[in-house]
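1. I'd like to go over a predicted model; first the sequence, then the structure.
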Amino acid sequence: MVSGFGRIACAIAAMLLCAVAMGHAAATVKAAATTKATATEAGATTKATAAKVLTDKDCLGCHNLKASAKLQARPVSVYVNAEIYQPSVHSKVGCVACHSDIHAFPHPDSVKPVSCAGCHASETSAYADSVHAIAEREKKSRFPACLNCHGNPHGIRAKTDPKSRVYPLNLPRTCGTCHGNPELAKKYGFPDVYALYMDSIHGFALTSDGLLVAATCASCHGAHDILSRKDPKSRTFPRNVPATCGGCHAGIEVDYLAGAHGQAMIAGRSNAPVCTNCHTAHQIAQVDVVNWQLKTVATCGNCHKARLKSYRDTFHGQVTELGFVATARCWSCHGAHIILKASDPNSKVAPANLPTTCGKCHHGATASFVSYEPHPNVHDRRQNPALYYAALFMNLLLVGVFLFFGLHTALWLARSLGNGSRGKDNGASGEQ
Amino acid sequence: MERAVNSNDSEQYYFRFSLGQRYLHGLVITTFLGLAATGMTLRFSERGWAKSLAEIAGGFTAILSLHKLCAVLISAGFLYHVGDILYRAMIKKERGLFLGPYSMTPQPKDAVDLFEMLRWFLWMGPQPKFDHFAYWEKFDYWAVFWGMAIIGATGYMMWFGPFFARFVPGYLLNIALLIHGEEALLAVWFIFIIHFFNSHLRPEKFPLDPVIFTGRVSGGDYQHERPLDYSRLDESGALETLRSDPPPLWLKNFSRLIAVIAVGIGFVLLALTWIAFWTE
């Protein structure tokens, strides 16, 4: 992080100090080390070469002198590494396309800072409304400007170039420069999600298989126009999340929108779950990972509390609780995305469809079998009268047996111990 | 084992349990502990110890397989016992199976004994004179009998759910699980508290009564614990036919080992399930 900011600071300072440095560099070349070069002498040579059109070769003639002690002795280096610059995307347009106030050599002491907006107008204006730009303005701190993400201005590559900092396989690391730094995240109050993402199915696809289609930061958040998830225009605003995920998971989006959750979302219910409520935003796991399968029961239970409790009272729930997935969990019966109410004839848990749904595991499930209540509530006399009275009977039996034999045992123990201390009793048990 | 008793018969031993009965008790101990450990793991699945046990056992499939294996074995024992009773009653026409001092059927004397025993507890009278089976032993027997029938029936109902649902509505499976679990809790606690105390851990017997393992009881003990039975057998001369050698040392040691293991496992399960139940 420090080196990242350092690099940017270097780059900006380089632009500001360009003129002074150029003067010194030129003097170093021409004066052949016999006299001490001064600003006055450098100024005198400016007029002599004014007519020529500057090429990159002219600029690099001075700025690529790596060995020059003078060039590097500046408070900030104005050195441009030709090896980095030449393959960069900007070498096609040339130095003076960006440093547009330099027309001749030697150039003035002071030159204007380069503005990316000159060419990249739409990106710059998109950025101006983004959460990064807002943070930069409001907190008056150095939040990402162009170079924080794109890197060394003289070495910027096309985003399709594997060496680019914003190439899909490199992007998470670039964003992670800040969003993977817990101290920085805490200080400025932004999410520290790099590690979560890297462990997710998306991050795994990216790092393990190098899948270019795997979702990276920009796939969900956008690139320049990243908005807060509280902003209704944001791609990650809850109501927009299904469309964002649907950008890749189109079939799932259709299912989701047709289901009860999607319908609730469309109806504008604020508590309607979207993709991220169940899958999380960054640590999205592969659905066949056991740990995730077990966790999702509690995830559904975040909203469906009573259903979770009654589920846990069943054999299905007990097995799941032990940490095994060889049994029915929420979506085994209800489906995952196209979840429909039981009153909907298309629902997997509609009465007519239950034999099929239950029959997936319980071969030979009949209409009678599916009168099994997968969410029993022993305390609800109206809903499950038979169960209620069975529980009552069992409780009374338990209480009765232990009350009687508990007392019987306690009295026996007291009597036997008392017997020992008082000596042999009248005709009592033989073991004395 | 050899306790000081005012009797000439204290060094003489008599058979109280046949080898078959002892094996049956052994089978019940083993399978009951197995059923309790695996079943309570499911019943209190939200507990850390349950998850650890399940993991050690090799997963839920292993837990359930062990549970079913023990269930089949104990069922076989149960059916063998019922078959044996029926055989003795109907083929051999044995008398006294269902009524009389050698029957497990609760009879008026048991109510009287209970009443007198309660009076004895309260220092209000002498201890009743017991016959071949005391009332708490009959209760133990019927508790296990009823428990096996109820827990077994509900267990097989759930095991073959879709099959049973051809004859009964599926919601009975909800009730089956409830009864299975509650009855099991009753059985586990009853055995690990009441049976352990009544038969082994009470001061007169502490730390164990080896008779169910060795099959033999000393004449002195017999006379004091079951005076009516002893004098009847003595008078009829049948006592001589029950005469046995003293239990060999290896058998006594084996009894102690079994008892320590069973009581150890029982108390651990008792503590775990008791705490889990009251903090549920």
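-> Received, thanks.

2. now for residue A:90: which residues touch it?
-> Contacts for residue A:90 (C-beta atoms under 8 Å, 6 or more residues apart in numbering or on different chains) come out as A:97-98, A:153-154, A:156. Just so you know, the C-beta spots here come from the backbone N, C-alpha and C atoms, and that holds for glycine as well.

3. quick check: residue A:405 touching residue B:194?
-> Yes. Between residue A:405 and residue B:194 there is a contact at 4.6 Å, judged by C-beta atoms under 8 Å.

4. ok so, going back, now, which of the contacts of residue A:90 lie within helices?
-> Counted as lying in helices by DSSP state H, out of the contacts of residue A:90, are A:97-98.

5. nearest to chain B, of the contacts of residue A:90?
-> Lowest distance from chain B to those (C-beta to the nearest C-beta) belongs to residue A:156, with 53.2 Å.

6. so the closest one touches residue A:150, yeah?
-> Yes. Counting by C-beta under 8 Å, residue A:156 touches residue A:150, with 5.2 Å between them.

7. looking at the two, which is more packed in?
-> The residue with more neighbours, out of residue A:156 and residue A:150, is residue A:156; 22 against 19, by other C-beta atoms under 10 Å in any protein chain shown.

8. in the chain, which helix is the longest?
-> Here I'm looking at chain A. Secondary structure assigned by DSSP H gives helix A:385-422 as the longest helix of chain A.

9. you answered for a different chain; I wanted chain B.
-> Longest helix in chain B, counting by DSSP H: helix B:249-278.

10. ranges for the helices of chain B?
-> Under DSSP H, chain B gives helices at B:19-43, B:48-57, B:60-86, B:108-121, B:135-159, B:161-164, B:172-189, B:211-214, B:219-225, B:227-236, B:239-242, B:249-278.

11. hmm, the fourth one touching chain A?
-> Yes. Helix B:108-121 lies within reach of chain A by C-beta under 8 Å from any C-beta of the partner chain, at B:118, B:120-121.

12. what's the nearest residue to residue A:290 once chain neighbours are set aside sitting at in phi/psi?
-> Nearest residue to residue A:290 in three dimensions, chain neighbours excluded: residue A:325, at 5.5 Å (C-beta to C-beta, 6 or more residues apart in numbering or on different chains). Backbone dihedrals for residue A:325, given as degrees, to the nearest 10, come out at phi -110, psi 10.

13. give me the number of residues near residue A:325?
-> The local packing of residue A:325 (other C-beta under 10 Å) involves 18 other residues.

14. thinking it is in contact with residue A:294, fair?
-> Yes. Here residue A:325 lies in contact with residue A:294, judged by C-beta under 8 Å, at a distance of 6.6 Å.

15. thinking again about what came up before, mind listing what's buried in the longest helix of chain B?
-> Residues B:251-252, B:255, B:258-259, B:262-263, B:265-266, B:269-270, B:272-273, B:276 are the ones in helix B:249-278 that count as buried (16 or more other C-beta atoms under 10 Å in any protein chain shown).

16. mind putting those in a markdown table, distance to chain A and pLDDT included?
-> Listed next are the buried residues of helix B:249-278 as a markdown table, based on distance: C-beta to the nearest C-beta, whole Å; pLDDT from 0 to 100:
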| residue | distance to chain A | pLDDT |
| --- | --- | --- |
| B:251 | 21 | 94 |
| B:252 | 17 | 93 |
| B:255 | 17 | 94 |
| B:258 | 21 | 94 |
| B:259 | 17 | 92 |
| B:262 | 18 | 95 |
| B:263 | 15 | 94 |
| B:265 | 20 | 96 |
| B:266 | 15 | 96 |
| B:269 | 16 | 96 |
| B:270 | 12 | 96 |
| B:272 | 14 | 96 |
| B:273 | 12 | 96 |
| B:276 | 12 | 95 |
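
17. so can I have JSON lines of these showing distance to residue A:363?
-> As requested, these are exported to JSON lines (distance: C-beta to C-beta, whole Å):
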{"residue": "B:251", "distance to residue A:363": "49"}
{"residue": "B:252", "distance to residue A:363": "52"}
{"residue": "B:255", "distance to residue A:363": "47"}
{"residue": "B:258", "distance to residue A:363": "42"}
{"residue": "B:259", "distance to residue A:363": "45"}
{"residue": "B:262", "distance to residue A:363": "39"}
{"residue": "B:263", "distance to residue A:363": "43"}
{"residue": "B:265", "distance to residue A:363": "36"}
{"residue": "B:266", "distance to residue A:363": "38"}
{"residue": "B:269", "distance to residue A:363": "34"}
{"residue": "B:270", "distance to residue A:363": "38"}
{"residue": "B:272", "distance to residue A:363": "35"}
{"residue": "B:273", "distance to residue A:363": "33"}
{"residue": "B:276", "distance to residue A:363": "34"}
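
18. measure residue B:239 to chain A for me?
-> Distance of residue B:239 to chain A, given as C-beta to the nearest C-beta, to the nearest Å: 17 Å.

19. what about that residue, how many residues nearby?
-> Applying other C-beta under 10 Å, we find 19 other residues in the vicinity of residue B:239.

20. wait, what's in contact with it?
-> With contact set as C-beta under 8 Å, 6+ apart, residue B:239 has these partners: B:14, B:230, B:233.

21. please repeat the previous calculation with a cut-off of 6 Å.
-> Counting by C-beta atoms under 6 Å, 6 or more residues apart in numbering or on different chains, residue B:239 touches residue B:233.

22. where does it land on pLDDT?
-> At residue B:239, the model reports a pLDDT of 91.

23. quick one, grab the pLDDT at residue A:380.
-> pLDDT, residue A:380: 89.

24. leaving out sequence neighbours, find the closest residue to it.
-> Counting by C-beta to C-beta, 6+ apart, residue A:388 is the residue found nearest to residue A:380 once chain neighbours are left out, at 6.8 Å.

25. the one you found touches residue A:382, doesn't it?
-> No. Applying C-beta atoms under 6 Å, one finds residue A:388 not in contact with residue A:382, separated by 8.5 Å.

26. which helix or strand in chain A has the lowest average pLDDT?
-> Least confident helix or strand, chain A: helix A:18-30 with a mean of 40, by mean pLDDT, DSSP states H and E.

27. can you list the low-confidence ranges for the chain?
-> Just going to use chain A. Filtered on pLDDT under 70, chain A yields the residue ranges A:1-52, A:66-77, A:140-144, A:420-432.

28. was after chain B, sorry
-> B:1-10.

29. can you tell me which residues in it are near chain A?
-> B:3, B:42, B:45-46, B:51, B:54, B:59-60, B:121, B:126-127, B:162, B:165, B:169-171, B:173-175, B:177-178, B:182, B:186, B:194, B:197, B:202-204, B:224 (C-beta under 6 Å from any C-beta of the partner chain).

30. could you pick out the buried ones from these?
-> With neighbours counted using 16+ other C-beta under 10 Å, the residues of chain B next to chain A contain these buried positions: B:42, B:45, B:51, B:54, B:60, B:121, B:127, B:162, B:165, B:169-171, B:173-175, B:177-178, B:182, B:186, B:194, B:197, B:202-204, B:224.

31. residues from chain A in reach of chain B?
-> The interface of chain A toward chain B, taken as C-beta under 6 Å from any C-beta, is made up of A:315, A:318-319, A:321-324, A:362, A:364-366, A:368-373, A:376, A:386-387, A:390-391, A:394, A:398, A:405, A:409, A:411, A:415-416, A:426-431.
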